[in-house]
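task: produce atomic coordinates for the following.
(2 chains)
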Amino acid sequence: MFGVLMITLLLTISLVGSNMDTILKQGVIYQVRAEITENTSIMQGFNDPDEFEKFVQQKIDERIKVLGLDTPWYSPQRLGYTMYKIIILDFGNATFLTSDSGSSNVGDIIFEKMPKTILLFTTATIIISIIGIVLGAASSNKIGSKLDRITSTFAVISSSFPVWWIGMLMIFVFAFVYQIFPARATPSIEPDDPGYILALLYHMTLPVITIVLIGFGAWAYLVRNFMVGVMQEDFITAKKTMGISKKRIVYSHALRNAAPPIITILALSLSGSLGGAIITEAVFDWPGMGRLYFEAISVMDLPVIIGSTYILTVLFLISIFIADLLYGYFDPRVRTSS
Amino acid sequence: MSGVSTDEIKREFLKSKLGLTGIFILLGLILISIATISLIPASTFQEWNNPEKWISYPKTAVPSWVNFVSLEKIPEHKIIDGNIFESQNDGVYLVSQQFRVSFEYDDFPSDLIFETKTKYSDSHIVQIEVIRPDGIILELLSTSLPYSEIDTTHDQRYFSTESMIKKNLNSYKDEFEFDFSIGVTEIIFSQLGENKVQKGEYIFIINTYGIKHSAEILKSKMILGGKAFGLMGTDELRRDLAIGLLWGTPLALFIGISVSIGSVVVGLIYGVYSGYRGKKTDEVMMRFNDVIYALPALPFLIILAVTISNSIFLMIGFLMIFSWVGIAKVSRSMSLQIKTRQYVEAAKIMGQKDSKIIFKHILPQLLPYAFASIAISVPAAITTEAGLSFLGLGDPSFPTWGQILHDANIYGAAAQGFWWWIIPPGILIAITGLAFVFIGNALDVIVNPKLKR
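Below you'll find the predicted structure:
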């Protein structure tokens, strides 16, 4: 797992490395020139403009060497240094973006946005999985019934619409036609205001509804399919012959046995939703990681892009790992075999 | 997996209603694509992002078919070609351009633009007037073409917003019974008694008088600025959305199909080879597979698009990188089963080359599965590309549905209620996706007997 993380990092760095160097070098040149022009006494010491240019160039070269920018980004020591810094979560300073509190440290920015993304997408995922499990179990109870068919159709249709497009439609319907919810999900009051949490929840409603609307159909369909598989197993038939009511079999015995794959997928979909969050957050203007990503891309703020990619990958890997552990915990067959 | 012949697949497929629906939708989309490519000139999409080209179109106009549904008739945007009449009287040469408009709407047009191109020499006088349905003639503008000794061509646009027109209209103040502090078009098209639209036929005339020579009109157009236009309306940048949507169809099909075919072929060969070779090779190849699987796809696609290029062809390649992984896993486990079959072992003992065994004996067995997964993975490719375009990372030289939605989002179409800008692209994305999902599911049921119930 750690290896995967390192490869991800290496890939990210190599993709943005050369661009980053150019930007950093330009920054140095700009900085040196500004410093020298501010200090008029240095300027007056030169009579010949050529000599002055030479001096400036020399200063720039010195600074570049100090920062280690004279070796290319793929040289081992620079690569190692960058990787080391990122592993200890030191992403350096953002080029353009700042956090709401004004800090330009990438770590600060990311950790300010992260809770909001987690809040939005965990809420949505929990609602989705509750609706999905109940609906899936209910439709597996009566295969071929109206409910079952509606669920399956809805699953297929809803999963072929992009979430962000439904988001735009929702904004159109609920913010323009019926002015119930705000079109932008960023609350306008300050974060330290006592009403902030309420405002945030109110602004969160529309994105959550959108994500749930698109997500629960597929979930219900998945749960239904697992349940159908479990319901055909021998022990269920045995329970049936023992005279246990069907409802009880479905909701307590079968559901428990279908749990391992369901939980695995829950963990995976949580992390998957983090990646998909980028576009959804951009539509709703939700102040989370996704929008941060979007903003960072639009101004090419490389430290922020690298930092966010790293964090997203870590989260993704952690959830794969947790999914694996959970699977082993819930399904003893896996535990003994491994 | 095996033992399903092509004939059988065909027969079973024709029985599946969903699969047939999918095929019909797909055929429809392909027809649209062919029609678009052959009928609409390619310059329309090449100049999609060139504002110059769309200048004579209206801004955020609703589709004109809305007038069939709504009670109030929204003025349609019209581009009218002039009829040219020439006459000569006492050494005065007159060229007159006439534009007939039958105006039957409930709202005023937003503006009027006359576009003319004249070839002339000497000085010429230009007069613009309108004959209203009630017989009143309003003189709008009299001006002259710049003097020139030799033959010149002169491009001229007369806008209804010009202050001279308003000034000239002020001389008719007495005939109208309302205040004149409104737009010019609201006066020209108004009833006398109150400021409401007077329906009927209007004739706009541009007279060009010359003394020695007659002027030659090379281009003559009148644009009646309306709030409804075309099949699909226009966007904030005055672009005809119908053209964008039409060009999006072949592009989406191209992206979806090439990504899915590419990734299925790569995944299939990779997986089969890994499974067939087994042991160390298998181990190493599967670990590499795991690494790609663990990469968060969207962030990486974004970085690739930002740093390398957002050309549509490279984008297809990037999408392939992340979509062959699952197929490789499944086809590996399938090839593990197939390679233990007797005919494969027989072929091996006979000393056939590995590549021959793979391509001749194992891969054909997987073909039905491959077709099903091609169909199933198309929607994901289309939505991912649309998502990237939506973030503004699309190829600017091709108008895709995602880019139309990106522009819509930037200009706040949802919050301003421009539904015709948002709904059609999304529905097209979904319909295209659904067509392939239907086909893929129908194939899947045939290929995997387990799913049959």
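
model confidence for B:Pro449, exactly?
pLDDT recorded at B:Pro449 is 57.

same question for B:Gly28.
At B:Gly28, pLDDT is 92.

quickly find the element holding it.
In the assignment (DSSP states H and E), B:Gly28 maps to helix B:17-39.

ok, A:Ile279 next?
helix A:255-284.

who are the packing partners of that helix?
helix A:106-141, helix A:163-171, helix A:196-231, helix A:289-299, helix A:302-330, helix B:297-307, helix B:363-390 (3 or more Cβ pairs under 8 Å, 6 or more residues apart in numbering or on different chains; DSSP states H and E). Yep, even glycine has a C-beta here, placed from its N, CA and C like the rest.

angle of that helix against helix A:302-330?
Put simply, helix A:255-284 runs at 170 degrees to helix A:302-330, going by axes from the mean of the first three to the mean of the last three Cα atoms, to 10 degrees.

chain center to helix A:255-284: distance?
Put simply, helix A:255-284 sits 11 Å off its chain's centre (Cα atoms, centre = their mean, to the nearest Å).

what mean pLDDT does it have?
pLDDT averaged over helix A:255-284 gives 72.

ditto for stretch B:128-138
86.

just the endpoints, please. Distance across it?
9 Å (Cα to Cα, to the nearest Å).

B:Arg238 is in contact with B:Ile55, correct?
Yes. Assessed by Cβ atoms under 8 Å, B:Ile55 is found in contact with B:Arg238 at 6.8 Å.

if we can go back for a sec, ok, which of the helices and strands packed on helix A:255-284 comes nearest B:Lys17?
helix B:363-390 (16.1 Å; Cβ to Cβ).

what helices or strands is that closest one leaning on?
By 3+ Cβ pairs under 8 Å, 6+ apart, helix B:363-390 packs against helix A:255-284, helix B:241-277, helix B:297-307, helix B:312-323, helix B:325-338, helix B:401-410, helix B:419-447.

looking at those, which is buried most?
With neighbours defined as mean count of other Cβ atoms under 10 Å in any protein chain shown, the helices and strands packed on helix B:363-390 peak in mean count at helix B:401-410, which reaches a mean of 25.

between B:Ile55 and B:Arg238, which one's more packed in?
B:Arg238 (18 against 12; other Cβ atoms under 10 Å in any protein chain shown).

any idea how far B:Trp420 is from the more buried one?
Taking Cβ to Cβ, to the nearest Å as the measure, B:Arg238 falls 14 Å from B:Trp420.

what's the burial count for B:Ser373?
Neighbour count of B:Ser373, defined by other Cβ under 10 Å: 25.

same check, this time on B:Ala414
25.

tell me who's in contact with it.
A:Met168, A:Leu169, A:Ile171, A:Phe172, A:Ala175, A:Phe176, A:Ala183, B:Ala408, B:Ile422 (Cβ atoms under 8 Å, 6 or more residues apart in numbering or on different chains).

apply 6 Å and report the result again.
When contacts are counted by Cβ atoms under 6 Å, 6 or more residues apart in numbering or on different chains, B:Ala414 touches A:Met168, A:Ile171, A:Phe172, B:Ile422.

same question for A:Leu292.
A:Lys113.

how does it look with 7 Å?
A:Ile109, A:Lys113, A:Val304, A:Ser308 (Cβ atoms under 7 Å, 6 or more residues apart in numbering or on different chains).

chain B: which of the residues you listed is nearest?
Relative to chain B, the closest of the contacts of A:Leu292 is A:Ser308; by Cβ to the nearest Cβ it sits at 7.1 Å.

where along the stretch 1-150 of chain A do the helices fall?
Ranges of helices in the stretch 1-150 of chain A, per DSSP state H, counting those that start in this stretch, are A:2-38, A:40-44, A:49-66, A:76-87, A:106-141, A:146-159.

hmm, back to that, report the angle between the helix holding A:Ile279 and helix A:289-299.
40 degrees.

that older thread, could you point out which element follows the helix holding B:Gly28?
Trace forward from helix B:17-39 with DSSP H and E and the next one is helix B:43-46.

and that next one, how far out from the chain middle?
Counting by Cα atoms, centre = their mean, helix B:43-46 comes out at 10 Å from the chain centroid.

buried residues in that helix, which are they?
B:Thr44, B:Phe45 (16 or more other Cβ atoms under 10 Å in any protein chain shown).

could you pick out the longest strand of chain B?
Counting by DSSP state E, the longest strand found in chain B is strand B:137-159.

check the offset of that one from the chain's centre.
On Cα atoms, centre = their mean, the centre of strand B:137-159 falls 37 Å from that of its chain.

before I go, just wanted to say thanks for your time.
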